[in-house]
Structure formats: structure tokens, C-alpha cells
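In: Please work out how this folds:
(4 chains)
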2 protein chains.
Amino acid sequence: MKTTNVADSVLKAALDLFSTQGYATTSVQQIVEAAGVTKGAMYHYFQSKDDLLFAIYDRMLSLQKRRLEEIVARGGATTDVLRAVCTDVVETSIDLLPEGTVFFRSMHMLTEPRRKEVTRRRREYHDEFAALVARGQDEGALRTDVPRSVLIAHFFSDVHYLSYWYSPAGPETKTEVAQQLTDLFLRSITVEDR
Amino acid sequence: MKTTNVADSVLKAALDLFSTQGYATTSVQQIVEAAGVTKGAMYHYFQSKDDLLFAIYDRMLSLQKRRLEEIVARGGATTDVLRAVCTDVVETSIDLLPEGTVFFRSMHMLTEPRRKEVTRRRREYHDEFAALVARGQDEGALRTDVPRSVLIAHFFSDVHYLSYWYSPAGPETKTEVAQQLTDLFLRSITVEDR
DNA sequence: CAGGACGTACCGCCCGGTCGGTTTGTTGTC
DNA sequence: GACAACAAACCGACCGGGCGGTACGTCCTG
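Out: Prediction:
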């Protein structure tokens, strides 16, 4: 409760500054000042500046993974599951917009072991999603004339790009956008029927 | 010819290093060493490290803009023009993959006036593309049940994401990918006919 | 011998990180 | 409940280093 207050406010400040200024151009001094703590306090809870970045990634990756697995576990027709996953990941990504900004912008700044782990966990997510698409293709619901890797990249691109254009202050709510993007995606990857 | 040799090799080295290591984590010393020149020589042709970044952006933006305008100038049915633009920008983006990597990763590192100009020129491109989509909607060829801004973001996301997943060493050629992504995009934004 | 094209030594700054010390909190003892 | 004993939490002055950038000399070309 109290011990986490420092760590929490530091993380919050770091996320805010990293997402607006970038990781490299944000100094530890700025972070602790924004968080209202001292450098000593921060380095008591975190080993390095790198730690802060990784903590942000860790939280985001855990959350996304958990949500994906929950939806898949609920079961249902493949295309329905796919639809649920798509809308959910778009909505979650909008909730985590600052994290997303930092993620794609600063991943290459992580030190080697950590970057490896982030890559590994992203691949896990990717593979689980790919399995879903594969199932859809096997069932004849999804088109096979485009390589699966392209279909998947086509989906992740939307999620990825959100932090570059979406603004909560804009005209569309996150629910609408999630619906619309999912619709666009599914329309493009399903087989032409009737 | 000779005067540009230094500037060229510096820019080439900078692009290479920026795209692999990131802008902030690449020192001017590294760049000049990789380019085989000295710091003095570099600072004779460029005013700052920032200059190098902007030069990369400038080249990329000019090229994309020029290609867009050439295709639009050729005229034709709106959907055909749109298709041509899409495949072309995907192909060009693949040709400029390192530039794209640097672009989306380090744009926020540009100093204020330059970032403003980059934003302005991107908006120019965006607006021209948006006009094309609007024309398609007016003609009844493109769907209007999804906000135009979402349709456009949906397209740019594919282009944007290329530098994160596409590899020339991979199984798909740039021509194939361009065709496939264009197909996915157009399928999702055209009205259901038949 | 003038002036652009460089080479080199150097500067001030600020960064991430440290470290000895102080405060605050917890526990055990009588 | 007073207090010693100890640990965890926290402070902030300080450090070495590497950064972007510069000053100035030198060389080459016309």
C-alpha cells in the first residue's frame, strides 16, 4: 500500500513522459521530479532506467495475453472467437494507448535479455492468434489465397497503428472503432460466400 | 560528385545505424566511423545530428509525394487509381524499409520546426489520399457506413506496419505483398455488390 | 595566396548510476 | 510503555563518462 506508492507514481510518471517525449530523451531526473520522489527512492525500487521501460511492457503484455486466453477459453465458432478477440484487443489497446506508443517506439531501446523476452512473449501471442486463423482456414471460413502471415500482419497493423492516429478526444468511441476495424478486417479475410 | 561523396556516405551510414540502433542511441562518432569520415567533415556538410534525421525524412516524403501525384495525374476510374496508389505505396515503402523504420520510431526526436514540417507534409499526403477515398464514396463505390478517417487509418496502418514485419529475405516478394495487402484493403472498403 | 574542404584536439554539459548517511518503522525484551 | 536493536526506506551530493558540438589549424586546389 505505502511501499507501492513510490513505485506506482514513478511508473505512472515514466509512462507519461516516455509516451510524450520518448524514452531516450527523458532523464531519470525528470521522472523522479514528475513523480515527486527522489532519485534515491526510485533506485531503491528499480535497478535501472531500463527497468522502468520493461515494467511498462510487462504489464501490457500480461494483460493482453490474459484477455486473449480468456476469450479463447470461452470457446465458440472460430469466426465468432476471432471477432471477439479482434474487438477486445482494439479496445484494450485504446485503453493502453500510452503504453502502445512507448511500446512500438522504444522497444529497440531495451537491453538485450529483456528485449528477447518481450519478443518471446509477443511471439506467444502471435502464435496463439495465428492458430485461430489457421483453424478458420481449415474450416473453410477464411481465405487461403493470401499467405496466413500476411493476413495476420494485416490485423496487427491496425492494432499497432492505433497509437498513431486514435484520440479519445476524437469523434469515435473506442467501442465504435473496435467494431469498425474488426468489421473491416473480417470482411477482408473471410471467403466470399453467397 | 566529389562533394556529395562525404555527405552521401554519412547519410547512408546514418540511415543504417538509425534503423538498427535507433536515433538516440547512435552517436555522431559511430556514424562518422561507419562512413569512414571524420567529425569535422561531417559537420562541414550538416549543421547538426538533427539534420541527418531530417534529410532522411525529406528524401522519403518527397519520393512518396511525387509518386502519388504521378499516379493521380494519370487519371482513370477512382477504384483503379486507388488500387494503383495502394500497390505503389506498399512497394515503395518496402524499398524504403529502413527509412520507414526510422521514420515511425524517431519522428518525435526531431526538433520542433522540423517536426512541424514533417507533420505538414504528411498531412498533405494524407489529404490527397483522403480526397481519393471521398471521391470513391461519392461515386458509390466505397462504403460509407464506416467513417472515412477509419478507412484511411486502416490503410495507412498496413503501410506503417511493414517495417515491423516484412523482410526482403522472407518468402513473399514485394510485388506479391503489395498485391495482397491492396486486395485485402480494397475488399474491406468497397461496397458489397452482386 | 585565397578559400573551401577537411582533420584533431578539446569543451561544457548532463546523463545514469552510486554511496554513505539519515530517517522511519518493526520487533523483542524487561 | 520505555527502549535497545536492527532493517528497510529514503535522501541528495557526487562521479565518471560519453555526448553533441566547436575552434582552429592544415592541406589541397585553382
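In: in the helix or strand where residue A:32 lies, what counts as buried?
Out: If you go by DSSP states H and E, residue A:32 is part of helix A:28-35. Burial within helix A:28-35, assessed by neighbour count using 16 or more other C-beta atoms under 10 Å in any protein chain shown, is assigned to A:28, A:31-32, A:34-35. Using the backbone N, CA and C atoms, a C-beta is placed for each residue, glycine as well.
In: so what's residue A:63 up against?
Out: The neighbours of residue A:63, taking C-beta atoms under 8 Å, 6 or more residues apart in numbering or on different chains as the test, are A:92, A:96.
In: Which strand or helix spans it?
Out: Secondary structure assigned from DSSP H and E places residue A:63 in helix A:49-74.
In: quick check: angle from that helix to helix A:28-35?
Out: Per axes from the mean of the first three to the mean of the last three C-alpha atoms, to 10 degrees, the angle that helix A:49-74 makes with helix A:28-35 is 60 degrees.
In: For the lowest-mean-pLDDT helix or strand in chain A, list the C-alpha coordinates in PDB.
Out: Ranking every helix and strand in chain A by mean pLDDT, DSSP states H and E puts helix A:3-21 at the bottom, with a mean of 92. Written as PDB, here are the backbone C-alpha positions of helix A:3-21 (Å, rounded to 0.1, in the frame of the first residue of the first chain):
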ATOM      1  CA  THR A   3       5.600   0.900  -0.400                       C
ATOM      2  CA  THR A   4       4.000   0.700  -3.800                       C
ATOM      3  CA  ASN A   5       3.100   4.300  -3.800                       C
ATOM      4  CA  VAL A   6       6.600   5.400  -4.700                       C
ATOM      5  CA  ALA A   7       6.900   2.700  -7.300                       C
ATOM      6  CA  ASP A   8       3.500   3.400  -8.700                       C
ATOM      7  CA  SER A   9       3.900   7.100  -9.100                       C
ATOM      8  CA  VAL A  10       7.300   6.600 -10.600                       C
ATOM      9  CA  LEU A  11       5.900   4.200 -13.200                       C
ATOM     10  CA  LYS A  12       3.000   6.500 -13.900                       C
ATOM     11  CA  ALA A  13       5.300   9.400 -14.500                       C
ATOM     12  CA  ALA A  14       7.700   7.300 -16.600                       C
ATOM     13  CA  LEU A  15       4.800   6.100 -18.800                       C
ATOM     14  CA  ASP A  16       3.600   9.700 -19.200                       C
ATOM     15  CA  LEU A  17       7.000  11.100 -20.100                       C
ATOM     16  CA  PHE A  18       8.100   8.200 -22.200                       C
ATOM     17  CA  SER A  19       4.900   8.300 -24.300                       C
ATOM     18  CA  THR A  20       5.200  12.100 -24.900                       C
ATOM     19  CA  GLN A  21       8.900  12.700 -25.100                       C
END
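In: Output the contacting helices and strands for that helix.
Out: With contacts defined as 3 or more C-beta pairs under 8 Å, 6 or more residues apart in numbering or on different chains; DSSP states H and E, the packing partners of helix A:3-21 are helix A:28-35, helix A:39-45, helix A:49-74, helix A:97-106.
In: Run the contact check for it versus DNA strand C.
Out: No - against DNA strand C, helix A:3-21 shows no contacts by C-beta under 7 Å from any atom of the strand, the least distance being 9.8 Å.
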